[in-house]
Every structure is written in structure tokens, then in C-alpha cells.
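1. Kindly generate the corresponding structure for this input.
(chains A and B)
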Number of protein chains: 2
Amino acid sequence: MATYRLVIEYNGRAFAGFQTQLNQVTVQSTLEAALAQHFDKERVIIHGSGRTDAGVHALGQVVSFRVDVERDPVHLRRGLNTALPPELSVILAERMPESFHARFTATGKTYRYRVYNRPDRSPFLTGFALHRFRPLDWSAIEAAMPALVGTHDFTTFRGAGCVAKSPVRTVDRAAHVDVGGGEHHLEFHGNGFLRYQVRRMVGTLLDVGERRRPPEDVAAALAACDPKRSGRTARPEGLYLVSVDYPPESLIFEGFSEAAPA
Amino acid sequence: MATYRLVIEYNGRAFAGFQTQLNQVTVQSTLEAALAQHFDKERVIIHGSGRTDAGVHALGQVVSFRVDVERDPVHLRRGLNTALPPELSVILAERMPESFHARFTATGKTYRYRVYNRPDRSPFLTGFALHRFRPLDWSAIEAAMPALVGTHDFTTFRGAGCVAKSPVRTVDRAAHVDVGGGEHHLEFHGNGFLRYQVRRMVGTLLDVGERRRPPEDVAAALAACDPKRSGRTARPEGLYLVSVDYPPESLIFEGFSEAAPA
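-> Next up is the predicted model:
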């Protein structure tokens, strides 16, 4: 058996989310179809680092899979890109140690939420960033963000239907970046995120930016462990899975170790 | 009568070009439909600064029109944006002097052509920039570009079906900008451009970047006044009409001048 990982980019507008669903075009079903074609109709099951919801984009989602036959990773990447639609692209393919698993080996993730402030929608950003026609109070948002950093019970920001065993997660970075031209990013890095956690944290921060709640209220909402204290779940179109972290040693494939002589 | 100009942005992927065509969704037909709705079913005919072809984008196309009734320009902009699809947005509406005409008053235009170099297509740039998987020789392209600057007979780069009376145009700026991340822009400013002129100049420069012709050949091709000497017409998806110039005084509406007392 050979284990591979793929780093993939996708435009979330084209997919009904990551995970295979009956009669829907998803990232998983699209990629598995291209893999089956590449591996001579063998059924290949991929594991993503995590699911992304419909409309959510990825710049560096990671998937892993095992197959019976080996392939040169460069040929694999090129072959898949020839078969894949333009909305999904493989940017890296690598042979992995057998123990590698895109989800279980992952140690952290970076998410970005894009917002743009201008009087009118942009034909180029619609579906790729959240539009707010009124200027937001970004200083107030920045004042609220440190409350989200640390190891916390994130029940307040946990979405309905989340199946995680524990609501405790560590967020070690929450930053606002003014990109210019009215565009702003909210970036989060953590060891993992609950379902809708980023979008609910962003929705709550947008309440602060719109002066519908004071910055201090974010800490209070988090401490309450009460989903009713969250702001609305921000729309999926602004969210990007930027990258997934793995321990460096987990990514090194050293070739076949011969069985020790008996 | 009241004259207005609109500065509009559009995603060229959504339209079969600027100009109204039977049974096609065009920028003109979409905008005129929204204007008719805004002006109580009055038929409003717009004049663009020029046509853009199917797939070509605009960041600052200008249109003008005359109507019998006055409208507050801010309400006009907002009202139109409510009626328009997300792929077309009005970023400025202004009352103009009666003499203003988007095409006849224009004195210059800026076009940008976006190219990106990377091994694989990007799900986010497909349709918005030309993909070249092999690195281009940008120094060679830069060496060739000055030949395009000046007042020349641009017959070599004139597209079939161009109805301009004269093939002479002045290009006063031709620049290469390395935007980073593998993205490159070719920018052109001139007093006007022939049909397909920018895309044919770009196609010829791409030949140079791919080392299929030497940089000096661009000057020779231009001097030959022979369309067979042009490179291929570069795909529309990379082209953006960035802005249209008008003399500052042409844009100043000073309100109604009362008839002089008899």
C-alpha cells in the first residue's frame, strides 16, 4: 500500500461542501472520481483534514488516501488537474509515511475570513468575501479579539449538529489585517475548530464592529458557554481554510524499510 | 433633459460582451433594463465609452445617458445596484453637463492584462487571468514593450471587423508590473484602442515571453502594418478596462443656467 497526501485549493461556490452527499457535487466526490480515473477505476477513499461547509473556500486543504499501486507524485498531481474542474486544483502531491492521516495527524489549522467595506457590492468579490456597505469599527473588533485567544470551552460558538466530543479548543492567534482597498481579514490559528466556530466568532465580532454589542461582551459571551450568546453565523462565502499544520517528521517518507532479516 | 454618467464594474464572465445583441445577456441590455425600471419604464439608451468583448472585465467602464426626469445621483446609484445582478455594479453616478458623452468626450483609456504563472490553474483566477504554466521571460517582454509606445499605424494589431476609420493610435504607456505570487500585469494607456488591439499586442508579447520570437520582432511586426505579423489574440479573460479619461472640465455640472433676461 502507498499513502499520499494532496494539498488542494477550491472555490467553495462550486461545491455543496467537502463531504460526499447523495446527489450533490462535493469536493470529496469530485476528487474521488478523478482519483478513480487515475488509478484505473480502483475506488479510492480520501480523508480530509476536516470538512468545510457549502460555499467555504480552501487555499490549502489537505487530504490523504491509500492505494495499492504507486504513482509518481508529480504525474499524479498533473493527471488529477487534467481531470478536475477549474474550481478544484491540486497544488501539491506527496508520498507519505504509512502512518500519515490528513485528519488524525493534523496539529493545527489557519482560517481566514474576508470582509470588504464599500458602498456597493463588487462583481469580483461577490461569493469570495462578505460585503458590508457601512464601515465597521475595526478598533472595537481588535479590542474584542484577544478574548478569543487561549484554551477555552467554545460551547457559545459551537454550531448545531457539531459532533465533537469536547467543546474545548485552543486558539493561539486571532488577528485583524487591514488589506487595503476596504478589504479586511480576520485570521485564526488553533489546534482545531468546532463546527461553525470560526463563522460564529466572526458573526459576534461583526456585531461589535457594527456597535451592536461592546467589545467586552465577547469575553462574557464566551465565558457563558451558551450558544444563545453568540452572534449570527457569518455567511460561508467569506471563509477560507488557509492551511493545515502537521509535525514536520510526519511528512517525511523515507522509502520502504526492508523487513529485518529473520 | 438631464445627462448622467455612471462608472461601472463588471465581471465579464457573466455577459456576452458590452453591446446589446439579440437573445444575449449583455452589459448594455442588463443596465438598460435596470434603468428602465428606475425611470418608470421610460426607455433609456446608454452610450458606453467603448465596447468590450465577451469575457472582458471592467473596473471603470463609463456610460452616459439622457433622461427627461432628474434623479438624485446617490439614489440613482443605490436604486440601480438593488436591481442589478451581482456581476455588474455601479460605483459612481453623477449629473453631467448636457454636452457630456461617454464615448465622444473620452480622451484616453487604461487597460490591464492579467497573466499568472504557476504549475497549476488557480480555482480563484480561472476566468479572471490568463494561466501560463511555464514561466515566461518577463525581461524579454519588457525589452519589447517600448516599441509599442508612440503614435503608430496599429494595423498589425487591428482585429478583423474593426470599424475604426483610422488605424493610427497613440499609446503613451506600456508597462509590466510583477504583482507577486506569480501574477503579472501588462498595462497600456492610450488615446484609444482598435478592436482587439490590446489582446493582439499581448498575444505578440506572450510569443516573446515564450521565446517564440525575439523582442526586436515586435517593432518589426508593428512597422510591417500586416495583421499576419501579429501573435494570436490573447484570451479575453485576462483583460480589464481599468479607467476612462475625460477632461476635468467636461465632468463639471454647474446646474441650470437661467436664460438671460430678454
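2. which secondary structure elements does the helix or strand harbouring residue A:82 contact?
-> According to DSSP states H and E, residue A:82 maps onto helix A:73-83. Judged by 3 or more C-beta pairs under 8 Å, 6 or more residues apart in numbering or on different chains; DSSP states H and E, helix A:73-83 is in contact with strand A:2-10, helix A:27-38, strand A:88-96. Every residue, glycine included, has its C-beta placed from N, CA and C.
3. right, so of those, which gets closest to residue B:73?
-> In terms of C-beta to C-beta, the element of the helices and strands packed on helix A:73-83 nearest to residue B:73 is strand A:2-10, at 40.4 Å.
4. Go ahead and produce CSV holding the CA coordinates of that closest one.
-> The C-alpha trace of strand A:2-10 is given here as CSV (Å, rounded to 0.1, in the frame of the first residue of the first chain):
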residue,chain,number,x,y,z
ALA,A,2,1.2,3.6,-0.7
THR,A,3,-0.1,6.6,1.2
TYR,A,4,-0.3,10.0,-0.4
ARG,A,5,-1.3,13.5,0.6
LEU,A,6,-2.7,16.2,-1.6
VAL,A,7,-2.8,19.9,-0.9
ILE,A,8,-5.8,21.3,-2.7
GLU,A,9,-7.4,24.6,-3.4
TYR,A,10,-11.1,25.0,-4.2
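5. strand partners of that strand, parallel vs antiparallel please.
-> Using DSSP bridges, strand A:2-10 pairs in its sheet with strand A:57-67 (antiparallel), strand A:88-96 (antiparallel).
6. Indicate which one of these is closest to residue A:153.
-> That would be strand A:57-67 among the strands paired with strand A:2-10, by C-beta to C-beta, at 27.0 Å.
7. Give me the angle between the closest one and helix A:73-83.
-> Going by axes from the mean of the first three to the mean of the last three C-alpha atoms, to 10 degrees, strand A:57-67 is angled at 120 degrees with respect to helix A:73-83.
8. how far does strand A:57-67 sit from the chain's center?
-> Centroid separation for strand A:57-67 versus its chain: 10 Å, with C-alpha atoms, centre = their mean, to the nearest Å.
9. how many neighbours does residue A:176 have?
-> Neighbours of residue A:176 under the rule other C-beta atoms under 10 Å in any protein chain shown: 17.
10. wait, is residue A:164 part of a strand?
-> No - using DSSP: H, G, I helix; E, B strand; the rest coil, the assignment for residue A:164 is coil, not a strand.
11. before we move on, the earlier item: just the buried residues of the helix holding residue A:82, please?
-> Within helix A:73-83, the residues that count as buried by 16 or more other C-beta atoms under 10 Å in any protein chain shown are A:73, A:76, A:77, A:78, A:79, A:80, A:81, A:83.
12. And the pLDDT for the fourth one?
-> Put plainly, it is residue A:78. Looking at residue A:78, its pLDDT reads 95.
13. any chance of the buried residues of helix A:73-83 in CSV, plus distance to residue A:180?
-> CSV is the format used below for the buried residues of helix A:73-83 (distance: C-beta to C-beta, whole Å):
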residue, distance to residue A:180
A:73, 37
A:76, 38
A:77, 33
A:78, 35
A:79, 39
A:80, 35
A:81, 32
A:83, 37
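14. Quick one: name the residues of the stretch 1-150 of chain A near chain B.
-> Within the stretch 1-150 of chain A, the positions lying close to chain B (C-beta under 8 Å from any C-beta of the partner chain) are A:9-11, A:14, A:57, A:77, A:81, A:86-91, A:119-124, A:126-128.
15. Among the buried residues of helix A:73-83, which one lies nearest to chain B?
-> For these, the residue nearest chain B by C-beta to the nearest C-beta is residue A:81; the value is 5.1 Å.
16. follow-up on the earlier one: out of the helices and strands packed on helix A:73-83, deepest packed?
-> With neighbours taken as mean count of other C-beta atoms under 10 Å in any protein chain shown, the helices and strands packed on helix A:73-83 reach their highest mean count in strand A:2-10, at a mean of 22.
17. got the angle for it vs helix A:27-38?
-> Between strand A:2-10 and helix A:27-38, the angle comes out at 130 degrees (the same axes, to 10 degrees).
18. now strand A:2-10: mean pLDDT?
-> For strand A:2-10, mean pLDDT rounds to 97.
19. any residues touching it, and which ones?
-> Identification of contacts with strand A:2-10 by C-beta atoms under 8 Å, 6 or more residues apart in numbering or on different chains yields A:27, A:31, A:46, A:57-71, A:73, A:76-77, A:80, A:87-98, A:100, A:102, A:251, B:122-124.
20. one more time with 7 Å
-> Here strand A:2-10 makes contact (C-beta atoms under 7 Å, 6 or more residues apart in numbering or on different chains) with A:27, A:57-67, A:70, A:73, A:76, A:87-98, A:100, A:102, B:122-123.
21. likewise stretch A:145-159?
-> Residues outside stretch A:145-159 that contact it (C-beta under 7 Å, 6+ apart): A:167-174, A:176, A:194-197, A:200-201, A:205, A:218-219, A:221-222, A:224-227, A:229-230, A:233.
22. residues contacting residue A:233?
-> Counting by C-beta under 7 Å, 6+ apart, residue A:233 touches A:159, A:196, A:199, A:200, A:203.
23. Quick check on these: which are buried?
-> Among the contacts of residue A:233, the ones that count as buried by 16+ other C-beta under 10 Å are A:196, A:199, A:200, A:203.
24. Residue A:179 - how many residues pack around it?
-> For residue A:179, the neighbour count with other C-beta under 10 Å is 12.
25. Surely it touches residue A:185?
-> Yes - with contacts counted by C-beta atoms under 7 Å, residue A:179 reaches residue A:185, the gap being 5.9 Å.
26. If you check the stretch 151-262 of chain A against chain B, which residue is the closest one?
-> At 9.6 Å from chain B, residue A:240 is the closest residue in the stretch 151-262 of chain A, using C-beta to the nearest C-beta.
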